[in-house]
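> structure for the following, please:
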Amino acid sequence: MTASSDSPSHTTRAHSFNAAAAQYAAGRPSYPAALLDTIEELAGRPLAGARVADVGAGTGIATALLHARGADVVAVEPGDGMAAQFRHALPEVPIVRGDGNHLPLATASLDFLTYAQSWHWTDPARSVPEALRVLRPGGALALWWNTGALDVPWLAAAAGRVDRYFGESTGANIKNVNARVVDPTGRLGLTRREVRWSRRVPVDTHLANIGSHSLFLVHGEEASTAFLAEEREHLMRVFPDGLVEEVYVVVLLLATRS
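Residues are numbered from 1 along each chain as shown. The predicted model follows:
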């Protein structure tokens, strides 16, 4: 079984999350405390008390962690559906509408600028200068992505099924999370770290998670439902108790403004 070979545009995929914001909030994984520790270590300062903007905040998964860490955080989010879900989850955290290409933030106003799972929706030719504009001297730009640990056999097999069905390489996407792709000009001087972690979730939560990715959303409900039903059968053979062990490698890229 394969999906349509039509390739949706980057913009279509970027906006696909708004109609599935509740599913995104319910299924997507968070991030480990060790990630925030590493950000603080590389930046040379704590998040507590720092002025932070979390861009492409979505439903607030990363923003909630930054807020709990004691950061004075504002969220930046372009999508209606995501912003509505964010306000429901985090009514005490301010959110403004915008994106990384045009940040609605004052010059030299931030100690940290963060992008959790969202920098790849920006145009680096615009988002790099914008990041440097809004950061204070010594401020840090932190970009990170949860990537599947493809050295785990069941995850590699699952990624292969997605590749074959949708005609897109999951492994290639993970390899694109690197400094050269993120910042083609090399202006930022990014440092890379990886943080491995895992979570155990019911199989239906795992399916909701993968079904909330843009690759699934843009191919429509019929194609996605057919794949996820078949995937459930594969997973129940690997995890007969119905609890899936998702293993992640968070790829962190961080730069400090000189």
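
> what's the spacing between the residue positioned nearest the centre of the chain and A64?
Of all residues in the chain, the one closest to the mean position by CA atoms, centre = their mean is Q117, 1.8 Å from it. According to CB to CB, to the nearest Å, Q117 and A64 sit 14 Å apart. Just so you know, the C-beta spots here come from the backbone N, C-alpha and C atoms, and that holds for glycine as well.

> before we move on, the earlier item: backbone phi and psi for the residue nearest to the centre of the chain, please?
phi 70, psi 30 (degrees, to the nearest 10).

> helix/strand/coil for the residue lying closest to it once chain neighbours are set aside?
On the basis of CB to CB, 6 or more residues apart in numbering, the spatially nearest residue to Q117 that is not a chain neighbour turns out to be W145, at 5.6 Å. Secondary structure, DSSP: H, G, I helix; E, B strand; the rest coil: W145 is strand.

> now do W145: how many residues are near it, please.
22 (other CB atoms under 10 Å).

> for the chain, longest helix please?
The longest helix of the chain (DSSP state H) is helix 221-238.

> for that helix, list every residue counted as buried.
223-224, 227-228, 231, 235 (16 or more other CB atoms under 10 Å).

> same check on stretch 188-208?
Neighbour-count burial for stretch 188-208 flags 188, 190, 193, 195, 197, 201, 203, 205-208 (criterion: 16+ other CB under 10 Å).

> so which pair among the residues you listed is furthest apart in space?
L188 and V203 (39.6 Å; CB to CB).

> who are the packing partners of the longest helix of the chain?
Contacts defined by 3 or more CB pairs under 8 Å, 6 or more residues apart in numbering; DSSP states H and E place helix 221-238 against helix 153-166, helix 203-211, helix 214-217.

> next one: the first one to chain centre, how far?
Spelled out, it's helix 153-166. 20 Å (CA atoms, centre = their mean, to the nearest Å).

> contacting residues around the closest residue to E245 other than its chain neighbours?
Nearest in space to E245, with sequence neighbours left out and distances taken as CB to CB, 6+ apart, is R200 at 5.5 Å. R200 sits next to 243-246 when contact means CB atoms under 8 Å, 6 or more residues apart in numbering.

> do E194 as well
So E194 contacts 249-252 (CB under 8 Å, 6+ apart).

> show me these that map onto strands.
Among these, DSSP state E puts 249-252 in strands.

> now pLDDT and distance to D99 too, for those residues, in a markdown table please.
Listed next are those as a markdown table, based on pLDDT from 0 to 100; distance: CB to CB, whole Å:
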| residue | pLDDT | distance to D99 |
| --- | --- | --- |
| V249 | 96 | 26 |
| V250 | 96 | 22 |
| V251 | 96 | 21 |
| L252 | 97 | 21 |
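
> which of those lies closest to P91?
The nearest member of the ones in strands among the contacts of E194 to P91, counting by CB to CB, is V250 at 27.3 Å.

> tell me which element the closest residue to the closest one other than its chain neighbours is part of?
Using CB to CB, 6+ apart and skipping residues adjacent in sequence, the residue nearest V250 is V195, 4.4 Å away. Element membership for V195 (DSSP states H and E) is strand 191-202.
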